[in-house]
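Trainee: sequence first, predicted model second:
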Amino acid sequence: MSGSRLETEEAAREYLEFDPAKIERREVYRLLTGSVVPRPIGWASTISKEGVTNLAPFSFFTVVCVAPPMISLTIARRPDGSKKHTLVNAEETGEFCFNAVTEDTWERMVDSANGCPDGVSEFGVTGLTPIPSVKVKAPRVKEAPIHFECKTHQVIYLGPNKHPLLIGEVVYFHVDPAVMTGKYIDMKKLHPVGRLNGFLQCTLGKFLEREFKDGMAR
Ligand SMILES: Cc1cc2nc3c(=O)[nH]c(=O)nc-3n(C[C@H](O)[C@H](O)[C@H](O)COP(=O)(O)O)c2cc1C
């Protein structure tokens, strides 16, 4: 019976209901970020046209396309409406890098979110090491085991507030073989870190694994 028809109103669980058109923006944010969890962290490294390196994390981040490979970052405006350095650099230079955040680097990742004045680099402030890329001028984070070199594909300005969504095409991958088993990036070796609600981060402590009929779920 269950699942074959809509439950009657009496049997349904009681939910709190929210209409985004009628609640505070902060409350909408809390509903979104408390529910869409965990979120991966796109740790973006860039260089300005003046040559200043920049590093910042973004958890409104995901992979959006495989052929060609593309990723996206949602980069909110600052309270005064200005653009964050990452977006300015990705637009002006047409390039950025993604760096994987792991247990080793998560605290410095959080520190890199504090923002620096123009001309000052989060690399210097956090002590992380910028290393050269192959196809882009944006640096990579030496302490991260995975880097994607990206060319800015498009910046879409969403809705009435023109909220920026940066889409990048990955033009080069770097993966430390220490985090691989065979052809696969091995979660038990990578120790990835994601974002939960607020400033809570998570890593993989317990692995839930099962096999599909035709082999492992890879
Ligand atoms: C874990 C984490 C995730 C974040 N995710 C986002 C995000 O998705 N979008 C955003 O605009 N800011 C996000 N931030 C805040 C930015 O990292 C922060 O505003 C940073 O100073 C921007 O730096 P920039 O001006 O150098 O680009 C996040 C911060 C942390 C710690």
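Mentor: Nice, I can see it. Numbers count the residues shown, from 1 in each chain.
Trainee: and the residue nearest the centre of this structure?
Mentor: Centroid-nearest residue in the chain, with CA atoms, centre = their mean: residue 42, separated by 2.7 Å.
Trainee: give me the pLDDT value at the residue nearest to that residue when sequence neighbours are not counted.
Mentor: With sequence-adjacent residues excluded and distances taken as CB to CB, 6 or more residues apart in numbering, residue 42 is closest to residue 61, at 3.3 Å. Any C-beta I mention is one placed from the backbone N, CA and C, and that applies to glycine too. You'll see residue 61 listed with a pLDDT of 97.
Trainee: and what of residue 209?
Mentor: 82.
Trainee: hmm, the residue nearest to residue 42 is touching residue 72, no?
Mentor: Yes: between residue 61 and residue 72 there is a contact under CB atoms under 8 Å: 7.0 Å.
Trainee: what does the longest helix seen in the chain contact?
Mentor: Ranked by number of residues, the top helix in the chain under DSSP state H is helix 25-35. For helix 25-35, contacts defined as CB atoms under 8 Å, 6 or more residues apart in numbering pick out 18, 20, 39, 197-198.
Trainee: tell me the buried residues in whichever helix or strand comes after it?
Mentor: As assigned by DSSP states H and E, the chain's next helix or strand after helix 25-35 is strand 42-47. For strand 42-47, the neighbour count (16 or more other CB atoms under 10 Å) marks 42-47 as buried.
Trainee: what do you get for stretch 172-192?
Mentor: Those would be 174, 179, 185, 190-192, for stretch 172-192 by 16+ other CB under 10 Å.
Trainee: farthest-apart pair in these, please.
Mentor: 174 and 191 (17.5 Å; CB to CB).
Trainee: now for the chain, the helix or strand with the poorest mean pLDDT.
Mentor: Of all helical and strand segments in the chain, the minimum by mean pLDDT, DSSP states H and E falls on strand 215-216, at a mean of 63.
Trainee: format the CA atom coordinates belonging to the longest helix of the chain as CSV.
Mentor: Provided in CSV are the C-alpha atoms of helix 25-35 (Å, rounded to 0.1, in the frame of the first residue of the first chain):
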residue,chain,number,x,y,z
ARG,A,25,16.6,36.2,3.5
ARG,A,26,18.7,34.9,6.5
GLU,A,27,16.0,32.3,7.2
VAL,A,28,16.1,31.2,3.6
TYR,A,29,19.8,30.9,3.9
ARG,A,30,19.5,28.8,7.0
LEU,A,31,17.0,26.4,5.4
LEU,A,32,19.1,26.0,2.3
THR,A,33,22.4,25.5,4.0
GLY,A,34,21.0,23.3,6.8
SER,A,35,19.4,21.0,4.3
